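K.L.:
Sequence and predicted structure below; questions after.
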Amino acid sequence: MVFGSVFGAIALVVALRRDDRNHTLAATALLTVAIVSHHFTAMGAITLVPDPTLAADGLTIAPAALSFLTAVAAFAILGISLVAAMLDRRSSSELHQQKVVLDTALENMSQGLAMFDADGRILLFNERYGEMLGRTGLPLQGRLLIDVLTDLKSAGRWDGDADELVTGLIAEAKAGNTATRTIIQNGRSIRIVDQPMKGGGWVATFEDITEWQQAQQQISHMARHDALTNLPNRTLFREELEQALRLVKRSDQLAVLCLDLDHFKEINDSLGHPIRDALLMEVGRRLGDCVTEHDTVARLGGDEFAIVQFCKDCDPSAVSLLASHVVERISEPYTIGGHQLVIGVSIGISLAPEDGKNPDELLKKADLALYRAKADGRGTYRIFETGMDARAQARRLLELDLRAALPRKEFEVYYQPIRDIAGDKVVAFEALIRWNHSLRGMISPVSFIPLAEETGLIIPLGEWVLRQACTDATRWPEEVCVAVNLSPVQFKNPNLVTQVKSALERSGLAPHRLELEITESVLLQNSEATLGVLHELRAFGVRISLDDFGTGYSSLSYMGSFPFDKIKIDRSFVTELATREDSMAIVRAVTGLGKSLGIVTTAEGVETDAQFELLRREGCTQAQGYLFSKPRPVAEVEAMLERAPKRIVA
C-alpha cells in the first residue's frame with residue numbers, strides 16, 4: 001500500500017512538472033506501477049474458499065491460466081487508457097496552440113473585431129475594437145451590446161439611440177444582410193462592416209479609413225485641379241460652368257472669358273521652365289484677386305486661362321469692367337528670379353444665354369472672340385459678335401488653302417527696287433511674297449502672313465522664298481543684292497542657318513549679295529541664342545539689316561548688341577517727313593547714327609519727290625518706295641534696272 005501511494009504521488013509530481021512527451025510517459029509508467037501495486041496487494045489479501053454446495057464445472061479454467069488472462073486484460077485496459085490519455089493530451093495541446101494563434105491574430109489586427117450572438121451579446125472582441133470605439137476600461141465579454149451603449153451614453157461618451165441601433169443590427173443579421181456604415185469617433189472616420197453568421201448573430205469589423213479618405217480627396221483634387229497653380233482644370237471648369245448654367249436666371253448675368261497670355265512663349269523659350277512656372281503661378285494668383293467668390297478661375301492648359309463670371313442683378317457692364325481689370329492687372333510688370341518680365345493678355349467673351357446655353361457653345365464663341373482680340377493687336381478684350389463665326393470659318397478655309405498653296409505653286413516672289421540716293425541707281429531688290437490663288441486671285445500678304453506665322457507654315461514658306469530669291473538674284477548684275485525678310489518664327493527653327501547656307505550653295509549666289517532683314521521682335525525672343533545665329537550668318541558673309549528701326553522701345557540698345565550692316569527707317573516716319581518736325585528729327589537722328597557707325601540707312605515708303613529730296617539732304621544712304629516702283633514680278637526686274645535714273649511713280 002505504501003509503495004503504491006508513493007508511486008502514485010511521484011507520478012502526479014512528474015505529470016505536473018512539465019507538459020511534454022517524456023514526462024507524460026514517465027508519469028504514466030509510475031501511475032501504472034502504483035495501480036498494479038495496489039491491485040496485487042489487494043489480491044494478496046484475499047483468500048478464495050470454494051462453496052462445497054456448488055458443483056464444479058467441468059470447463060473450469062485452471063488458476064494459472066485465469067491469472068494470466070486477468071493480467072493480460074489488466075494490461076490491455078492500462079494500454080488503452082495510456083493511448084487515450086496521450087490522444088487527449090495532444091488534442092488539448094493543439095486546441096491550446098490554436099487559441100494562442102487566434103488570440104495573437106486578433107490582437108495584432110489593424111482592424112477592430114467583435115462577434116455578437118443573435119441577441120446582441122458580445123462573444124469575442126480584440127483590444128483594437130475597444131481602442132477605436134473608446135470602450136477600453138469597460139467590461140465587455142458576455143455583455144449585451146445595448147447595455148454597453150447605455151453605459152457609454154450615461155457617461156456622455158456616446159449620443160446615439162441604443163435601442164434603435166441594436167434593433168437594426170439584429171434585424172439585418174437575421175435577414176442575412178451585410179451592412180456597411182461609417183461613423184466619426186474622436187475625429188477619425190471608422191468604417192464598420194457587419195457580416196451575418198449562420199445560426200444568428202454577426203461579426204463586426206472596424207477599420208480606420210481616415211488616411212484613406214484623405215488620400216482619395218487628394219486624388220480627386222489632383223484630378224480636377226491644375227498641379228502648378230492649384231486652380232480648377234478644364235474638367236472642373238466645365239462642371240462649374242454647367243452648374244452655373246443650371247442656376248442662372250433671367251435677371252442674372254453669366255459670362256465666359258477665355259484668356260491667352262501675350263508674349264508668353266518668348267519668355268518660356270528664353271528663360272526656361274522654372275521662370276515660366278513661377279510666372280504662371282503669379283498670373284493665377286493675380287486672376288484670383290480679380291474675381292469675386294461667385295466666379296471661377298481655371299487654367300485650361302499652357303498659357304490658357306478661363307473665367308466664369310456669375311452675378312445676380314448686376315450691371316451689364318460688369319463683364320467689361322472685369323475684362324478691363326484683368327488686362328490691366330496681368331499687364332503689370334513681374335519680378336521673377338531676378339528678371340523684370342512684361343506680358344499681356346487677350347480675352348474673348350461670350351454671354352449666356354445670348355451666345356449659347358451649353359458649355360461647348362459658350363467656349364467656342366469665347367474662343368472666336370479671343371481670336372478677334374488677338375487679330376486686333378492683343379492686350380485687349382472682345383465680346384462675341386455674330387459675324388465672328390463667319391470670319392472664323394473663312395479663316396479656317398484660308399488655312400486649308402494656304403497649306404495646299406505651296407505644293408500647287410501658287411506663290412510668287414515679287415521684287416521692289418532699293419535705290420542708292422547719291423548715285424540714283426538700283427543697288428538691291430527686296431523680295432516680297434505674293435499669293436496668286438487659283439480662285440480668289442491675288443491675296444495680300446497682310447491676309448496670310450500672320451496666319452502662316454501662327455500655324456508654323458511660315459517656316460517652309462520662308463525657306464522657299466529664300467531659295468527662289470537667291471536663284472533669281474544670280475541672273476542680276478554682280479553689284480545688285482537681294483534682301484529677304486526673316487520672320488521671328490523662323491528664328492525658332494534650329495535649321496535656319498543650314499537653310500540659308502543651302503540656298504546659297506544651290507543657287508551659287510555670293511553670300512555678300514544676300515541681305516537678311518529682321519525686326520526688333522526677333523531680338524525679344526531668347527536674345528542670346530538669336531544673336532548667336534546672327535553672328536554665325538554674318539561670319540560667312542551674309543549681311544544683316546534691322547527693319548522698321550525706331551518703332552520699338554529699345555532700338556538703340558540693339559545697335560550695341562550686334563554690328564548690323566543696315567538699318568531701315570520705318571515708313572511711318574517717312575510718310576510725315578514733310579509735315580511733322582518730330583518725324584524729321586527722328587530721321588535726322590537715325591541717319592546721323594548710321595554715319596557715325598558706318599551703317600547704311602534705308603528709308604522705306606518713299607512716295608514723293610519732296611520726301612526723297614529731304615532724305616538726300618539729311619544724308620540717308622538708300623530709299624525704297626512707290627516713288628520708284630511698286631513690287632513687280634521677277635520678269636520685270638531687268639526693266640526696272642534699265643530705267644532712267646528719274647523717279648517713276650508706278
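P.N.:
Yep, it's here.
K.L.:
Can you list the buried residues in the helix or strand Ala589 falls within?
P.N.:
Using DSSP states H and E, Ala589 maps to helix 581-597. Across helix 581-597, burial judged by 16 or more other C-beta atoms under 10 Å covers Ser583, Met584, Ile586, Val587, Val590, Thr591, Leu593, Gly594. For the C-beta atoms, the positions are set from N, CA and C on the backbone; glycine is no exception.
K.L.:
chain center to it, what's the gap?
P.N.:
In this view, helix 581-597 has its centroid 52 Å away from the chain centroid, taken as C-alpha atoms, centre = their mean, to the nearest Å.
K.L.:
Can I get it in PDB, CA atoms only?
P.N.:
The C-alpha coordinates for helix 581-597 follow below in PDB (Å, rounded to 0.1, in the frame of the first residue of the first chain):
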ATOM      1  CA  GLU A 581       9.000 118.200 -87.300                       C
ATOM      2  CA  ASP A 582       9.400 115.300 -84.900                       C
ATOM      3  CA  SER A 583       9.500 112.800 -87.800                       C
ATOM      4  CA  MET A 584      12.100 114.900 -89.400                       C
ATOM      5  CA  ALA A 585      14.100 115.000 -86.200                       C
ATOM      6  CA  ILE A 586      13.900 111.200 -85.900                       C
ATOM      7  CA  VAL A 587      15.100 110.700 -89.500                       C
ATOM      8  CA  ARG A 588      17.900 113.100 -88.900                       C
ATOM      9  CA  ALA A 589      19.000 111.300 -85.700                       C
ATOM     10  CA  VAL A 590      18.900 107.900 -87.400                       C
ATOM     11  CA  THR A 591      20.900 109.000 -90.500                       C
ATOM     12  CA  GLY A 592      23.400 110.700 -88.100                       C
ATOM     13  CA  LEU A 593      23.700 107.400 -86.200                       C
ATOM     14  CA  GLY A 594      24.300 105.500 -89.300                       C
ATOM     15  CA  LYS A 595      27.000 107.800 -90.500                       C
ATOM     16  CA  SER A 596      28.800 107.700 -87.100                       C
ATOM     17  CA  LEU A 597      28.600 103.900 -87.000                       C
END
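K.L.:
nearest to Phe540, of the buried residues of helix 581-597?
P.N.:
Using C-beta to C-beta, Gly594 comes nearest to Phe540 of those, at 24.3 Å.
K.L.:
My read is that the closest one contacts Glu618, right?
P.N.:
No. The pair Gly594 and Glu618 fails to qualify as a contact (C-beta atoms under 8 Å) at a distance of 10.3 Å.
K.L.:
Can you pull out the low-pLDDT segments for the stretch 151-300 of the chain?
P.N.:
Within the stretch 151-300 of the chain, the set of residues satisfying pLDDT under 70 comprises 251.
K.L.:
what are the ranges of the strands in it?
P.N.:
Secondary structure of the stretch 151-300 of the chain by DSSP state E, counting those that start in this stretch: the strands cover 179-185, 188-196, 202-208, 252-262, 296-301.
K.L.:
among the ones you listed, which is nearest Leu546?
P.N.:
The minimum distance between Leu546 and the strands of the stretch 151-300 of the chain falls on strand 252-262, with 23.0 Å, by C-beta to C-beta.
K.L.:
Per-residue pLDDT of the residue nearest to Ala114 when sequence neighbours are not counted, please?
P.N.:
Once flanking residues are discounted, Ala114 sits nearest to Phe125: 4.1 Å by C-beta to C-beta, 6 or more residues apart in numbering. On pLDDT, Phe125 comes in at 84.
K.L.:
now Phe125: how far from Glu642?
P.N.:
Distance, Phe125 to Glu642, by C-beta to C-beta, to the nearest Å: 111 Å.
K.L.:
what do you get for Asn233?
P.N.:
For Asn233 relative to Glu642 (C-beta to C-beta), the value is 66 Å.
K.L.:
Going along the chain, name the helices of the stretch 451-600 of the chain.
P.N.:
Secondary structure of the stretch 451-600 of the chain (DSSP state H, counting those that start in this stretch): helices located at 458-473, 496-507, 520-524, 527-539, 555-561, 571-575, 581-597.
K.L.:
mean confidence for the strand of greatest length in the chain?
P.N.:
Taking DSSP state E as the criterion, the chain has its longest strand at strand 425-437. Average pLDDT, strand 425-437: 94.
K.L.:
who touches the helix or strand following that strand?
P.N.:
Sequence-wise, the next helix or strand downstream of strand 425-437 (DSSP H and E) is strand 441-443. With C-beta atoms under 8 Å, 6 or more residues apart in numbering as the test, strand 441-443 has contacts from Arg434, Trp435, Asn436, His437.
K.L.:
Tell me, how many residues neighbour the second one?
P.N.:
A count of neighbours around Trp435, defined by other C-beta atoms under 10 Å, yields 23.
K.L.:
Please apply the same query to the third one.
P.N.:
By the criterion of other C-beta under 10 Å, Asn436 has 14 neighbours.
K.L.:
thought it was touching Glu412?
P.N.:
Yes. Counting by C-beta under 8 Å, Asn436 touches Glu412, with 5.9 Å between them.
K.L.:
what about Ile347, which helix or strand?
P.N.:
Assigned by DSSP H and E, Ile347 belongs to strand 344-352.
K.L.:
I'd like to know which elements that strand is packed against.
P.N.:
Contacts defined by 3 or more C-beta pairs under 8 Å, 6 or more residues apart in numbering; DSSP states H and E place strand 344-352 against strand 252-262, helix 318-331, helix 359-375, strand 381-383.
K.L.:
least trustworthy helix or strand in this protein by mean pLDDT?
P.N.:
One helix or strand of the chain scores below all others by mean pLDDT, DSSP states H and E: helix 555-561, with a mean of 63.
K.L.:
would you turn the helices and strands packed on strand 344-352 into TSV with mean neighbour count?
P.N.:
What follows is the helices and strands packed on strand 344-352, written out as TSV (neighbours: other C-beta atoms under 10 Å):
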stretch	mean neighbour count
strand 252-262	23
helix 318-331	17
helix 359-375	21
strand 381-383	22
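K.L.:
need the ones you listed in CSV with distance to Leu30, can you?
P.N.:
Output for these, formatted as CSV (distance: least, C-beta to C-beta, whole Å):
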stretch, distance to Leu30
strand 252-262, 98
helix 318-331, 100
helix 359-375, 93
strand 381-383, 107
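K.L.:
Now the weakest link among the helices of the stretch 451-600 of the chain, please, by mean pLDDT.
P.N.:
Among the helices of the stretch 451-600 of the chain, helix 555-561 scores lowest, at a mean of 63.
K.L.:
ok so, going back, tell me what the helix holding Ala589 is packed against?
P.N.:
For helix 581-597, the packing partners by 3+ C-beta pairs under 8 Å, 6+ apart come out as helix 555-561, strand 566-569, helix 571-575, strand 600-603, helix 609-618.
K.L.:
hang on, Ala398 packs against Phe448?
P.N.:
One thing to correct before we go on: residue 398 is Leu, not Ala. Yes. Leu398 is in contact with Phe448 according to C-beta under 8 Å; the separation is 6.7 Å.
K.L.:
between these two, who's got more neighbours?
P.N.:
Phe448 (22 against 18).
K.L.:
List the buried residues of the host helix or strand of that one.
P.N.:
Using DSSP H and E, Phe448 sits within helix 445-455. For helix 445-455, the neighbour count (16+ other C-beta under 10 Å) marks Phe448, Ile449, Ala452, Glu453 as buried.
K.L.:
Done for today, thanks.
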